[in-house]
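*Asks:* Give the three-dimensional model of this entry:
(chains A and B)
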2 protein chains.
Amino acid sequence: MLNFDYDIPTKVFFGKGQLGKLGPEMKKYGDRLLLVYGGGSIKRTGLYAQVLDMLRENGIYWQELSGVEPNPRIESVREGADICKRESLQMVLAVGGGSSIDCAKYVAAAANYDGDAWDLCIDKSKIKKVLPVFSVLTLAATGSEMDCGGVITNLATYEKIGGGVADQRPKASVLDPTYTFTVPANQTAAGTVDIMSHTMETYFNRTPGTYFQDRMAEAILKTCIHYGPIAIQQPDNYEARANLMWASSWAINDFLADGKANVWTVHPIEHELSAFYDITHGVGLAILTPRWMKYVLRDETVQKFVEYGVNVWGISPDQDPFSIANEAIRKTEQFFFEELKIPSTLTQLGIGNENFERMAKKVRQVALDDGFVKLTWEDVVEIYKACL
Amino acid sequence: MLNFDYDIPTKVFFGKGQLGKLGPEMKKYGDRLLLVYGGGSIKRTGLYAQVLDMLRENGIYWQELSGVEPNPRIESVREGADICKRESLQMVLAVGGGSSIDCAKYVAAAANYDGDAWDLCIDKSKIKKVLPVFSVLTLAATGSEMDCGGVITNLATYEKIGGGVADQRPKASVLDPTYTFTVPANQTAAGTVDIMSHTMETYFNRTPGTYFQDRMAEAILKTCIHYGPIAIQQPDNYEARANLMWASSWAINDFLADGKANVWTVHPIEHELSAFYDITHGVGLAILTPRWMKYVLRDETVQKFVEYGVNVWGISPDQDPFSIANEAIRKTEQFFFEELKIPSTLTQLGIGNENFERMAKKVRQVALDDGFVKLTWEDVVEIYKACL
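*Replies:* Sure thing, here's the model as predicted:
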């Protein structure tokens, strides 16, 4: 286990009807706020009206940034930062899923930056002062509600960059599982994969002596496997939504990664897919993950796949390691493509091989050099091809 | 899953040589400190000298409260609070195990209280302002380094009371596994049981829909089962000490308990044992736990024991539930008494049945009424008797 500094101060108001606790918490930081949200879904569900009531009750002045995209774009960040500067806003509240929260985090950073907001995505050392960020979560997926990261897309440069600094971590988040009852089946499925993928990015790791973190990771994977299909079949099953929501936060809030040398591989490979084609992130991850697993399975890695197979999928340990590993990958595929009903190939999404080389060459070198298994851009092309 | 407010802001500097990070962190809160520790072990290991160097380097003035007892007594709390008041100290740093940290937490509360410190143990609503608490941990056991609780003993009234408020949670703790290399085998064993017992107190619980928390609890139990014996056989095995240390914090920092109606049973029953006989807490817990398990195993509870047996001990699920449950209890006994080599009976500790009724009647009623299984004081006497 490596040294680490654990520091996750986000408060979480978890459960039915907890929204009311957010107002007094935000008032500790100011009374002028930017409200950030995506499409109209929070208006249809009535959550938007509840949030406005909460702001009024607490005497908080607000401006709005709406229409944040599913893969939030730098243009939205720029617009939000402009509003904050113009209106001297003191904090940013995202109401939505990871996209709105990610956008809010970069708006909060760009509001105190004189140059172009994209600079902060490219070079996080330029992020100096960040407005306090809060969130009301409506989708269990990205974990942005409790981590300090965000992913912003620049379609002009075909770039999708993830990053963040400690001050971008939300001060407080409301996690009310009932807000996710209206999430449709396909988004529930993609969100479940996203949680699992965050967990796997740190689980499949070469740092020795991280038994505690690995068992914790398996707890999250099992939670997703248990409740993902239930949430799809019974969208208003509170326990399923609650368990998935809480799992989403812990998959990526640094808890699992603390103590590990942790460089992600599959996400960076997927980010090029959604930067080029604007597909749903969780769908891209589901298609890529089993192919990546098969590609990196070898003598040096098989033991980790045995752990995964035995502890997560309940495969009997009394077998040849490669049999266990392959069975674990088969079960992963079966879960993503049969139980969660996610498209199993890029072809099904209308994506061909025309950009594979260009995409593969754009994947950050550190993700290929220092991930679970060292890869080249040519390996990435092979993984993309296996997804057709 | 029940509603909860998650709020665990403790920073943790984890790993070899992390002590240096504590000084700058403490300086944010002041420069006059009470240093709290127990016997001479931190002087023998050299940690005491390192801590004094760290205080000097950061220009922090300090006074000392030393000789804190293994079950810290109210007299030490009173003495520490007097020093804080007399010297206008601004914060409290415990260097040691749970006893020193628990004592520090109540010193920090009593320093701002005009009456007798014992009032604050009896009625936590009287705790108003608490000096910032910090800790340097030297024993993986109580989890006091990251929780807001403490247990103080009043031998004059035969009382041992646990409690605490949010502000007593340490602002920052140093968890350097090398500081536990010198912990002797019997204390390592008792500490491992303490971690497991904290975990079980929330794991054996009737709140439905806490799958996520239960799998997390199993991760901690498995960590203890895996590394407890290694740490005993190889006291300077860094990975074993590191995993146990991090597990100790998460067993009781509220993470596992959030979302559950959580009233502990075995700890309150044990507290009377150590209040009457001043025995090592973890030893009392090891002796009591399997007897309590057998006593509460019944049709309504057997499913939880099946989960425990299958997920923690790897028992095959293809058996009669009671067979799995009994096998799980047998494995628990075997682990405590054979692998960890803890005395298996009260008789071995020289304790007879002379005070069982008196002790049983002192166990807090809420622990008996609202625990995993409702018990009477007569039931507690039976459990004590089974420990002879």
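
*Asks:* When you work out contacts or count neighbours from here on, use the C-alpha atoms and nothing else.
*Replies:* Fine.

*Asks:* Between the two ends of stretch A:206-215, how far is it?
*Replies:* Terminal residues of stretch A:206-215 lie 15 Å apart, using CA to CA, to the nearest Å.

*Asks:* Would you mind listing the buried residues in it?
*Replies:* A:206, A:209-215 (16 or more other CA atoms under 10 Å in any protein chain shown).

*Asks:* Also stretch A:188-204?
*Replies:* So stretch A:188-204, judged by 16+ other CA under 10 Å, has buried residues A:188-204.

*Asks:* give me the subset of those touching chain B.
*Replies:* Among these, no residue is within reach of chain B (CA under 8 Å from any CA of the partner chain).

*Asks:* follow-up on the earlier one: mind listing which of the buried residues of stretch A:206-215 are in helices?
*Replies:* Of the buried residues of stretch A:206-215, the ones assigned to helices by DSSP state H are A:211-215.

*Asks:* Name the nearest of those relative to chain B.
*Replies:* The nearest member of these to chain B, counting by CA to the nearest CA, is A:R215 at 4.8 Å.

*Asks:* ok, which residues in the stretch 1-150 of chain A are in contact with chain B?
*Replies:* A:1-16, A:18.

*Asks:* List the contacts of the closest residue in space to A:T142 that isn't next to it in sequence.
*Replies:* Nearest non-adjacent residue to A:T142, counting by CA to CA, 6 or more residues apart in numbering or on different chains: A:G98, 5.2 Å away. Going by CA atoms under 8 Å, 6 or more residues apart in numbering or on different chains, A:G98 touches A:137, A:139, A:141-145.

*Asks:* picking up where we left off before, will you turn the buried residues of stretch A:206-215 into CSV that also has distance to chain B and pLDDT?
*Replies:* Output for those, formatted as CSV (distance: CA to the nearest CA, whole Å; pLDDT from 0 to 100):
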residue, distance to chain B, pLDDT
A:R206, 14, 94
A:G209, 5, 97
A:T210, 7, 98
A:Y211, 7, 98
A:F212, 6, 98
A:Q213, 8, 98
A:D214, 8, 98
A:R215, 5, 98
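
*Asks:* hang on, the earlier thing: give me the subset of the buried residues of stretch A:188-204 lying in helices.
*Replies:* Cross-referencing the buried residues of stretch A:188-204 against helices under DSSP H gives A:188-203.

*Asks:* Would you mind putting the ones in helices among the buried residues of stretch A:206-215 into a markdown table with distance to A:E272 alongside?
*Replies:* Formatted as a markdown table, those follow (distance: CA to CA, whole Å):
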| residue | distance to A:E272 |
| --- | --- |
| A:Y211 | 32 |
| A:F212 | 32 |
| A:Q213 | 29 |
| A:D214 | 28 |
| A:R215 | 31 |
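
*Asks:* Could I get the buried residue list for whatever helix or strand A:I230 lives in?
*Replies:* Using DSSP states H and E, A:I230 maps to helix A:211-233. By neighbour count on 16+ other CA under 10 Å, the buried set for helix A:211-233 is A:211-232.

*Asks:* contacts for that helix?
*Replies:* Residues contacting helix A:211-233 (CA under 8 Å, 6+ apart): A:184-185, A:188-189, A:192, A:195-196, A:199-200, A:203, A:237, A:240-241, A:243-244, A:247, A:250-251, A:255-257, A:308, A:311-312, A:335, A:339-340, B:211-212, B:215-216, B:219-220, B:222-223, B:243, B:246-247.

*Asks:* pLDDT on the next helix or strand after it, on average?
*Replies:* Downstream of helix A:211-233, the next assigned helix or strand under DSSP H and E is helix A:238-252. Helix A:238-252 shows an average pLDDT of 98 in the prediction.

*Asks:* Who are the contact partners of the closest residue in space to A:I287 that isn't next to it in sequence?
*Replies:* Of all residues not flanking A:I287 in the chain, A:S344 sits nearest, at 5.5 Å (CA to CA, 6+ apart). For A:S344, the contacting residues are A:286-287, A:336-337, A:387, by CA under 8 Å, 6+ apart.

*Asks:* now do A:Y179
*Replies:* A:47, A:137-139.

*Asks:* Just among those, which is most surrounded?
*Replies:* Within these, most neighbours by other CA atoms under 10 Å in any protein chain shown means A:L139, with 28 neighbours.

*Asks:* shouldn't it be in contact with A:G96?
*Replies:* Yes - between A:L139 and A:G96 a contact is recorded at 6.9 Å, counting by CA atoms under 8 Å.

*Asks:* The lowest-mean-pLDDT helix or strand in chain A: how far from the chain's middle?
*Replies:* Ranked by mean pLDDT, DSSP states H and E, the helix or strand of chain A with the weakest confidence is strand A:159-163, at a mean of 84. On the basis of CA atoms, centre = their mean, to the nearest Å, strand A:159-163 is displaced by 12 Å from the centre of the chain it belongs to.

*Asks:* Now do that strand: everything it contacts.
*Replies:* For strand A:159-163, the external contacting residues (CA under 8 Å, 6+ apart) are A:121-122, A:124, A:149-154, A:271-272, A:275.

*Asks:* Report the buried residues of it.
*Replies:* For strand A:159-163, the neighbour count (16+ other CA under 10 Å) marks A:159-163 as buried.

*Asks:* ok, how many other residues are close to A:E75?
*Replies:* Number of residues near A:E75 (other CA under 10 Å) recorded here: 18.

*Asks:* What of A:G40?
*Replies:* As a measure of burial, A:G40 has 11 neighbours, counting by other CA under 10 Å.

*Asks:* That one - nearest residue in space that isn't next to it in sequence?
*Replies:* Residue nearest to A:G40 in three dimensions, not counting chain neighbours: A:G67, with 8.0 Å by CA to CA, 6+ apart.

*Asks:* So which of the contacts of strand A:159-163 belong to helices?
*Replies:* A:121-122, A:271-272, A:275.

*Asks:* From the ones in helices among the buried residues of stretch A:188-204, pick the one nearest A:A360.
*Replies:* Lowest distance from A:A360 to those (CA to CA) belongs to A:E201, with 18.4 Å.
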